[in-house]
Each structure stands twice: as C-alpha cells, then as structure tokens.
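J.: Mind looking at a prediction? Sequence and model below.
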Amino acid sequence: MTVQAPALTNSGVVLLIEDEQSLRTVWLGELTRMGFKVQAFNRADLALENLRQQAPDVVLLDLNLPGMPGMQALSEMLAIDKGLQVIVCTGHGSVPLAVEAMRKGAVDFLTKPVNLDLLEQTIRRSIQNANLVQENHRLRRAAAASPMTNVVAGTSPATLRMLETITRVARSEQTVLITGESGAGKEIAARQLHMFGSRANQPFVAINCGALSRQLIESEMFGHVKGSFTGADQKRLGLFEAASGGTLFLDEVAELPLDLQPSLLRALQYGEIRPVGSDQVRKVDIRVIAATNRELRSLVTENKFREDLFYRLAVLEIRVPSLRERCEDIKPLSEMFLARECIRANQNLSIDPSGHIRLTQYAWPGNIRELENAVVRLSVLANGPAITAADIEEYAFGVRVQGDHSGPLPSLQLRELERIAIAEAMRRFDGNKRKAAEALGVALKTLYNKLNSSPEPDEITDDEPEV
C-alpha cells in the first residue's frame, strides 16, 4: 500500500531547468499537482536571470543542456546563492557527472527516468534542509547580537520606573505608544513588552514606517495580490498577517503617510486588513506597539497626524528616558556592550576608572545607540588591555566640543546638541545626507526634518553623491 504524504500549505517554489519539452511539460504538471509553484525554463541562461530576481526554494537542474552546460549553470547558481538547494538530473550513463556535481555543491541527484514519488520526496527533503539552514543562520545572528542587548538594562531611578511601567503594561492587550529620543532604546522596550506579555511565544514583527515609500509601506503592512501594481508578480503576505497571534511593532509611526492612516486605524479598531489590490477583508489577531521620537500631539494640532489614530495608538504610553536622564546606567551599559564585543573578538578588555568618568561626563545626544557605537569603536581601536579617558577622547566621540575636554560638557539644550551632531555628520560626509543619517542612527526623512528642508516622502531618493 502506498501512503501519500499530506499536502503542505506552503510547499515552496521549484525552478525547473529541462530542455526536453515533453519531459518538461510532464514534470511541470506533476509538480504543480504536488502543490509546488513551478518556474520552468529550457535554457540555463534564462533560468539564471530569473534566479537573480527571485530565489526559489529548490532548483531541479538537467546537466545535459544546450548553450550553457548544466555544470557551468550549477557553479553560477551557487555563486549567486551558496546555500541554494540544487538537485541535478542526468541519464543512467552519466552518474559520475552527477557525483562531480554534488562535489561542487549540488545537494542530491536523480537519474532519468525519475520515479515521481522519489522526485517529490527529494524536493520536500531539500526544502526542509533549506529551512534548517535559514533557521541556523537566524540563530547565529541572534547569538551574535547577544540577548544582553535585547533587554532594558540599568539600575537608575528613571530606568527602574520605566521597567515597572513595562511590567504592568505588558499584562494588557491594549495598544501601546512608546516615545523617546532617537537611539534611546524604544525598540528594546517594545521587545521587552512582548517578552513579558501573554504573546511571548508568538512572533514579534517590526516595520520602520520612515524607511519605505508609501506604496511599499502599504504592501509591507497589509500584503498584496498578484498583479495589483507593477512588479507584483506574485501574492505577498503582509506583516500584519505575518505577526498573527503575536506583536507588530510600528517604529517611527509619525512618518506614516496621512492617506494610509485610515487603513491602520481600521486594522486597530476592528482587526481587519485589506491587501493591496484585493476586494476581500481579512481578520488579524495581533497586539500593536508603536514608537516615535516626535511629538504626536503637536502633529495632530498641525493636521499632520490623524487625531483618532493618535488616541487609538496611545491607549497606553511609555516614555523611554534619554541617556542624559539616567547617567547611572552609562557604566553598566558600556560594560555590557564591551563584554559582548570581547566575546565576539575573543579578547579581554576593560574600561579603567578614568574612562568611566569621561563616558559619564559626555552628553550622548545619540543616546544608547551612540554609546554602543562608541564602545564598538573602542574595542577595535583602543591600545592596551584597559580603555582610558585618552582612548575615549581619541576614538569614541563623534562630536567634539572646542576647548578643554577634561571637564564636563557645557550645558546645552537638546536642539543645540542635535544641531552640532548634524553639522559634524554633514561635514564629515561632505553633505551626503544618506550617509550622515546612517552615522547618526536616524532615518533619512528624520534628518531632512531636522535640516528643515524635508521634501515630500516620494522625493527622497538614493541618489545622494557618493564619496
């Protein structure tokens, strides 16, 4: 008796490269029946062009092809994606060729004529392998980031008050608005809210509302159907659905275009979304956490943000204090960042007392993000086993104040500190706003706003002069 495997809801994309038309037609039909999405080509060069645009889950490659030989195609595919799952197909007399292909990186081989059950099993096994490889990479990246940096850290009164609020708010299912300066740790606070809540074992999905164009934001958030706009060559699941059961984090929510805000309001109010180009409404079950470094109430007054959406987002509010408001946390935070870098680089470094004093004296306009970047630079550039105040003066501070550096930084207003930081970044990168924004740790549109010369979102492009 043959037991058929249950159909999978997400069976994957198979790139089929076979020059024999009759066999290609048969395999196309059978693979589609098995539940795979198939892209079929009779030439390797055409398949390579497609591969550069959209990566499949598995490639089914005939080695005996006209034009570009299958072995050359294998090498070029693996050069594009070294983790690509390539199954080679060949005749009975060419098994040594298939073995050579596996030495070059193919994951399996089949000899023609191919048993259809074996074909399906081999493809599904390769898809599982691909998923395991991706998960392994994800876990490695998470380990490299270190869980230490994904929690709110510090013992200052301001931090302890914030932690108490996070613990209380996490028990609720209500929408939360997190406010605070750029780099203060708003996303870390959002992740801690998720971890402390009832959805901790479900997805945490983040989207930066200030980093995408209007059309891309809508598609990213709500998904789209095939053919809904130019380039929408297949159906796409939006992040609202990807976060189903878990938490969706909307970073820089103040940058959300006005004409998209009603859709977000409906999603929050009724738990309903409509993918771009679709006439069907879908239900979603998520908790939304939003964050901004701008004053939303002022934007509401200026008619730049919907009042009803503001009240829907700000059911509960958490303010993340700046690093200047919790100077006691600078020492433990810098030691935490340094310990992480030492683990990564397999080295032994510390910060001496003079270094800690100098770090505490600095105003940190870029907050925790600036402190972290400074510690990373110090871990690479500082001389000796202990980081000193002299090392910090030379390597850590991206913004320098003229005059005596031995005492505390002069008392400046935040707006003035921002102006100094932006002026220094623009000078350092010869006016390249994109690079300046990256160095400052803010979105490009945020930098435009700070410079008081912000164009419309659709006018912000990548064509800043390269240095």
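T.: Right, received. Where do you want to start? Numbering: from 1, shown residues only.

J.: What ranges does the stretch 151-300 of the chain have for its strands?
T.: Taking DSSP state E, counting those that start in this stretch to define them, one finds strands in the stretch 151-300 of the chain at 176-179, 204-208, 247-251, 272-273, 282-283, 287-292.

J.: Could you dump those strands into a markdown table with mean neighbour count and distance to residue 74 added?
T.: Every residue, glycine included, has its C-beta placed from N, CA and C. As requested, these are exported to a markdown table (neighbours: other CB atoms under 10 Å; distance: least, CB to CB, whole Å):
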| stretch | mean neighbour count | distance to residue 74 |
| --- | --- | --- |
| strand 176-179 | 24 | 49 |
| strand 204-208 | 18 | 35 |
| strand 247-251 | 24 | 40 |
| strand 272-273 | 18 | 42 |
| strand 282-283 | 14 | 41 |
| strand 287-292 | 25 | 45 |
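
J.: Turn those strands into TSV, including distance to residue 229 and mean pLDDT.
T.: Shown next, in TSV, are the strands of the stretch 151-300 of the chain (distance: least, CB to CB, whole Å; pLDDT from 0 to 100):
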stretch	distance to residue 229	mean pLDDT
strand 176-179	31	97
strand 204-208	19	90
strand 247-251	22	94
strand 272-273	17	88
strand 282-283	19	88
strand 287-292	25	96
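
J.: and residue 108, which of those strands is closest to it?
T.: Closest approach to residue 108 among the strands of the stretch 151-300 of the chain is made by strand 204-208 (33.6 Å; CB to CB).

J.: one step back: a markdown table please, covering the strands of the stretch 151-300 of the chain and showing distance to residue 227.
T.: Listed next are these as a markdown table, based on distance: least, CB to CB, whole Å:
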| stretch | distance to residue 227 |
| --- | --- |
| strand 176-179 | 36 |
| strand 204-208 | 24 |
| strand 247-251 | 26 |
| strand 272-273 | 19 |
| strand 282-283 | 18 |
| strand 287-292 | 29 |
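
J.: Contacts for stretch 172-181 next, please.
T.: With contact meaning CB atoms under 8 Å, 6 or more residues apart in numbering, stretch 172-181 is reached by 169, 186, 189-190, 193, 197-198, 253, 268, 287-293, 296, 312-322, 367, 414.

J.: from these, which ones fall inside helices?
T.: Under the assignment DSSP state H, the contacts of stretch 172-181 contribute 169, 186, 189, 190, 193, 268, 296, 312, 313, 367, 414 to helices.

J.: Based on its surroundings, how many neighbours for the fifth one?
T.: To tie it back to what came earlier, the one meant is residue 193. When neighbours are counted by other CB atoms under 10 Å, residue 193 registers 27.

J.: Let me know whether it touches residue 169 as I believe.
T.: Yes: counting by CB atoms under 8 Å, residue 169 is a contact partner of residue 193 at 6.4 Å.

J.: thinking residue 275 is in contact with residue 229, fair?
T.: No: using CB under 8 Å as the test, residue 275 is too far from residue 229 to be in contact (11.5 Å).

J.: Show me which of the two is the more surrounded one.
T.: Neighbours per residue (other CB under 10 Å) separate residue 275 from residue 229, with residue 275 holding more: 23 against 12.

J.: hmm, back to that, what is the lowest-pLDDT residue among the ones in helices among the contacts of stretch 172-181?
T.: On pLDDT alone, residue 414 ranks lowest of the ones in helices among the contacts of stretch 172-181, at 57.

J.: returning to what we had before: list only those of the ones in helices among the contacts of stretch 172-181 flagged as buried.
T.: Neighbour counting with 16 or more other CB atoms under 10 Å marks 169, 186, 189, 190, 193, 268, 296, 312, 313, 367 as buried within those.

J.: Switch these over to TSV; also include distance to residue 119.
T.: Below are these laid out as TSV (distance: CB to CB, whole Å):
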residue	distance to residue 119
169	53
186	50
189	50
190	45
193	47
268	46
296	56
312	51
313	51
367	55
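
J.: so where is the stretch 351-467 of the chain shaky, pLDDT-wise?
T.: 398-417, 452-467 (pLDDT under 70).

J.: And the spatially closest residue to residue 440 that is not a sequence neighbour, how far from residue 432?
T.: Nearest residue to residue 440, sequence neighbours excluded (CB to CB, 6 or more residues apart in numbering): residue 425, at 5.3 Å. According to CB to CB, to the nearest Å, residue 425 stands 9 Å off from residue 432.

J.: Next: residue 335.
T.: Using CB to CB, residue 335 is found at 34 Å from residue 432.

J.: What of residue 293?
T.: Distance from residue 293 to residue 432, by CB to CB: 22 Å.

J.: how close does residue 429 sit to residue 364?
T.: In terms of CB to CB, residue 429 sits 21 Å off from residue 364.

J.: So between these two, which is more surrounded?
T.: A count of neighbours by other CB under 10 Å puts residue 364 above the other of residue 429 and residue 364, at 24 against 18.

J.: Now for the more buried one: which residues touch it?
T.: Neighbouring residues of residue 364 by CB under 8 Å, 6+ apart: 322, 323, 324, 330, 370, 371.

J.: of those residues, closest to residue 234?
T.: Set against residue 234, the nearest of those by CB to CB is residue 370 (40.9 Å).

J.: On the three-state scheme, the residue lying closest to the closest one once chain neighbours are set aside is what?
T.: Excluding its sequence neighbours, the residue lying closest to residue 370 (CB to CB, 6+ apart) is residue 364, at 5.4 Å. Secondary structure state of residue 364, per DSSP: H, G, I helix; E, B strand; the rest coil, is coil.

J.: What are the phi and psi values at residue 364?
T.: For residue 364, the backbone dihedrals (degrees, to the nearest 10) come out as phi 50, psi 70.

J.: residues in contact with residue 66?
T.: Counting by CB under 8 Å, 6+ apart, residue 66 has contacts 19, 43.

J.: pLDDT score for it?
T.: According to the prediction, residue 66 has pLDDT 86.

J.: In a strand, it, correct?
T.: No: the assignment for residue 66 (three-state DSSP) gives coil, which keeps it out of a strand.

J.: Quick check: the gap between it and residue 170.
T.: Per CB to CB, residue 66 is found 62 Å from residue 170.

J.: Tell me which stretches of the stretch 201-350 of the chain form helices.
T.: 214-222, 239-242, 261-270, 296-301, 307-313, 330-345 (DSSP state H, counting those that start in this stretch).

J.: Report the inter-axis angle for the first one versus helix 261-270.
T.: Same thing as helix 214-222. Here helix 214-222 runs at an angle of 10 degrees relative to helix 261-270 (axes from the mean of the first three to the mean of the last three CA atoms, to 10 degrees).

J.: what's the answer for the longest one, then?
T.: Comparing the axes of helix 330-345 and helix 261-270 via the same axes, to 10 degrees yields an angle of 100 degrees.

J.: next SSE after helix 330-345?
T.: Following helix 330-345 in sequence order, the next helix or strand is strand 350-351 (DSSP states H and E).

J.: tell me what that following strand is packed against?
T.: helix 330-345, strand 386-387 (3 or more CB pairs under 8 Å, 6 or more residues apart in numbering; DSSP states H and E).

J.: any idea how far residue 100 is from residue 88?
T.: Residue 100 is 10 Å from residue 88, by CB to CB.

J.: Apologies, that question was intended for residue 267.
T.: To residue 88, residue 267 is 46 Å away according to CB to CB.
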